[in-house]
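Asker: Everything below, folded, please.
(one chain, ligands or ions: 2)
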Amino acid sequence: MACPANHPKLNKTVRVAVTGAAGNIGYALLFRLASGAVFGPNTPVQLQLLERDNEQSKAALQGVCMELFDCAFPLLTKVVTTSDPRVAFDGANAAFLIGSMPRGAGMDRSDLLLANGPIFQEQGRALDEAADRNVKVLVVGNPCNTNAYIAYHHAPNLDPKCFSAMMRLDANRAVAQLAEKTQKPVCSIQGVRVWGNHSNSMYPDITAATIAGTAATELVDEAWYNDYFLPTVATRGGAIIKARGKSSAASAASAAIDHMRDWWNGSDGRVVTMAVPSDGSYGIPEGIVCGMPVICTGNGNYEIVKDIEFTAAGRARLDKTVAELVKESETVAPLIAE
Ligand SMILES: NC(=O)c1ccc[n+]([C@@H]2O[C@H](COP(=O)([O-])OP(=O)(O)OC[C@H]3O[C@@H](n4cnc5c(N)ncnc54)[C@H](O)[C@@H]3O)[C@@H](O)[C@H]2O)c1
Ligand SMILES: O=C(O)C[C@H](O)C(=O)O
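Answerer: Residues are numbered from 1 along each chain as shown. Ligands and ions are numbered 1, 2, ... in the order given. Model prediction:
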């Protein structure tokens, strides 16, 4: 890679905040951010890393920083470490909100609502105060949809469209299952969308998906879709926790890279899944942070794909997962009101 200092067409440095930077996902994410995987080979990156204010977390973060330093990344201009969200989000152009408690075996993600919710209250306020006005905030910490909902409610001076939650991992899991089943390359699969909540109720929808130009519904049968694909994608997070003893980290970081890269740069007309504040489309209550098909149009903008027709079964699945999101929003109402 050419030395950025000598690069004639270098873009402005992007300030990237990452919370929970010393955690498992943070460890799989930071090195890819610093190598240019999201913002490109011509964009220097300043990392602003937030960790908890205790000796163990600070020491772990220091170790991660030593490794970042040892990589001698040409694009990495500076690394800031802090336990103060306002410092972490100062002038941030992009923010990955990861720091929070993961679930363990036998738990649902919603069991984390009240434990993790206050983190996103505080961080929403800090983003409101300190971040760039066009910041792109990706909430990864679970339950991510409702945590994003909490965060943007505490950032009244930022557009709610600055906030999204991560369902790209679910979409990637769906694509991987289809590729395996049909023995076609991942890159030949388009139009998979995952609706609703990043929970077991999500609706991975292949009705508009194509595989090498053929409708996916012609290549896989309904029984496989209903009895294998749907439950496998929806419960994959739990299966990984059972196998690894810890929640997904490398695949989560990879999905976070995919999500932010497309949001920042545009998705070249491709439909991608992001959980975003609903604009009321499809009867999804306005403001709920819901997994939806979007097209990222560049410069950090996106448009929700409109005029999709649902099968009766698809509509029922969407209604179920949206009802769960509405219930979560009611559970966190006190955190919104504070
Ligand atoms: N949306 C998704 O698809 C998806 C996928 C995987 C994991 N997750 C979620 O991501 C979160 C992080 O997972 P992980 O495996 O990295 O967990 P981890 O326990 O390995 O790391 C979390 C890190 O966050 C830090 N932290 C906790 N509270 C913090 C706070 N208030 N401020 C700053 N840092 C804080 C911890 O010290 C720790 O280093 C979990 O909630 C997990 O459920 C989401
Ligand atoms: O399942 C979890 O709790 C972690 C993450 O949300 C995942 O889907 O892997």
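Asker: C-alpha only now, for contacts and for neighbours.
Answerer: OK.
Asker: Find the helix or strand that whichever residue of the stretch 151-300 of the chain sits closest to ligand 2 is a member of.
Answerer: Of all residues in the stretch 151-300 of the chain, Gly237 sits closest to ligand 2, at 3.3 Å by C-alpha to the nearest ligand atom. In this structure, Gly237 sits in helix 236-244 according to DSSP states H and E.
Asker: Could you list the low-pLDDT ranges of the stretch 151-300 of the chain?
Answerer: With pLDDT under 70 as the threshold, the stretch 151-300 of the chain has no low-confidence stretch at all.
Asker: Give me the contact status of the helix holding Gly237 with ligand 1.
Answerer: No - looking at helix 236-244 against ligand 1 by C-alpha under 6 Å from any ligand atom, there are no contacts, and the closest approach is 7.3 Å.
Asker: Then stretch 113-124?
Answerer: Yes - taking C-alpha under 6 Å from any ligand atom as the criterion, stretch 113-124 and ligand 1 are in contact, through Ile119.
Asker: CA atoms only: put that stretch into CSV for me.
Answerer: What follows is the C-alpha trace of stretch 113-124 in CSV, where atoms were taken according to Å, rounded to 0.1, in the frame of the first residue of the first chain:
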residue,chain,number,x,y,z
LEU,A,113,-32.7,-5.2,27.9
LEU,A,114,-32.5,-3.7,31.4
ALA,A,115,-28.9,-4.6,32.0
ASN,A,116,-27.6,-3.0,28.8
GLY,A,117,-30.3,-0.3,28.1
PRO,A,118,-28.8,2.4,30.5
ILE,A,119,-25.5,2.1,28.5
PHE,A,120,-27.3,3.3,25.4
GLN,A,121,-29.1,6.1,27.3
GLU,A,122,-25.7,7.5,28.4
GLN,A,123,-24.1,7.0,25.0
GLY,A,124,-27.0,8.5,23.1
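Asker: can I assume Leu178 sits in a helix?
Answerer: Yes - when classified by DSSP: H, G, I helix; E, B strand; the rest coil, Leu178 is found to be part of a helix.
Asker: could you point out which element follows the longest helix anywhere in the chain?
Answerer: With secondary structure taken from DSSP state H, the chain has its longest helix at helix 312-331. With elements assigned by DSSP H and E, the helix or strand that comes after helix 312-331 is helix 333-337.
Asker: Residues touching that next one, excluding its own?
Answerer: 117-118, 121, 150, 153-154 (C-alpha atoms under 8 Å, 6 or more residues apart in numbering).
Asker: Just want the angle from the strand ranked longest in the chain to helix 312-331.
Answerer: When the chain is parsed with DSSP state E, its longest strand is strand 289-298. Using axes from the mean of the first three to the mean of the last three C-alpha atoms, to 10 degrees, the inter-axis angle of strand 289-298 relative to helix 312-331 is 100 degrees.
Asker: Next, see if strand 289-298 gets close to ligand 1.
Answerer: No - under the criterion of C-alpha under 6 Å from any ligand atom, strand 289-298 makes no contact with ligand 1; the nearest approach is 11.1 Å.
Asker: Give the buried residues for whichever helix or strand comes after that strand.
Answerer: With elements assigned by DSSP H and E, the helix or strand that comes after strand 289-298 is strand 301-304. Taking 16 or more other C-alpha atoms under 10 Å as the basis for neighbour counts, the residues of strand 301-304 that come out buried are 301-302, 304.
Asker: what's the answer for stretch 290-306, then?
Answerer: In stretch 290-306, residues buried by neighbour count (16+ other C-alpha under 10 Å) are 290-297, 300-302, 304.
Asker: Would you state the strands of the stretch 1-150 of the chain in chain order?
Answerer: Counting by DSSP state E, counting those that start in this stretch, the segments of the stretch 1-150 of the chain that form strands are 14-19, 45-50, 76-82, 94-97, 136-139.
Asker: how's the protein carved up into domains?
Answerer: The chain breaks down by automatic domain parsing into domains covering 4-165, 168-331.
Asker: Out of the ones you listed, the one nearest Glu338 is which?
Answerer: For the domains of the chain, proximity to Glu338 was assessed by C-alpha to C-alpha; domain 4-165 is nearest, at 8.8 Å.
Asker: Can you give the distance from the closest one to the centre of its chain?
Answerer: Shown here is domain 4-165, whose average C-alpha point lies 11 Å from the average C-alpha point of the whole chain (C-alpha atoms, centre = their mean, to the nearest Å).
Asker: Stretch 165-176 now?
Answerer: 9 Å.
Asker: Get me the contact residues on the stretch 151-300 of the chain for ligand 2.
Answerer: Residues of the stretch 151-300 of the chain lying close to ligand 2 (C-alpha under 6 Å from any ligand atom) are 237-238, 247-248.
Asker: any bit of stretch 26-43 sitting next to ligand 2?
Answerer: No - contact between stretch 26-43 and ligand 2, assessed by C-alpha under 6 Å from any ligand atom, is absent, since the two come no nearer than 13.7 Å.
Asker: Residues contacting that stretch, please?
Answerer: Under the criterion C-alpha under 8 Å, 6+ apart, residues 4, 7, 9-14, 18-21, 44-45, 47, 64, 68, 73-76, 98, 249-250, 253-254, 256-258, 260-261, 264-265 lie in contact with stretch 26-43.
Asker: Just the buried ones out of those residues, please.
Answerer: Taking 16+ other C-alpha under 10 Å as the criterion, what is buried in the contacts of stretch 26-43 is 4, 13-14, 18-21, 44-45, 47, 64, 68, 73-76, 98, 249, 253-254, 256-258, 260-261, 264-265.
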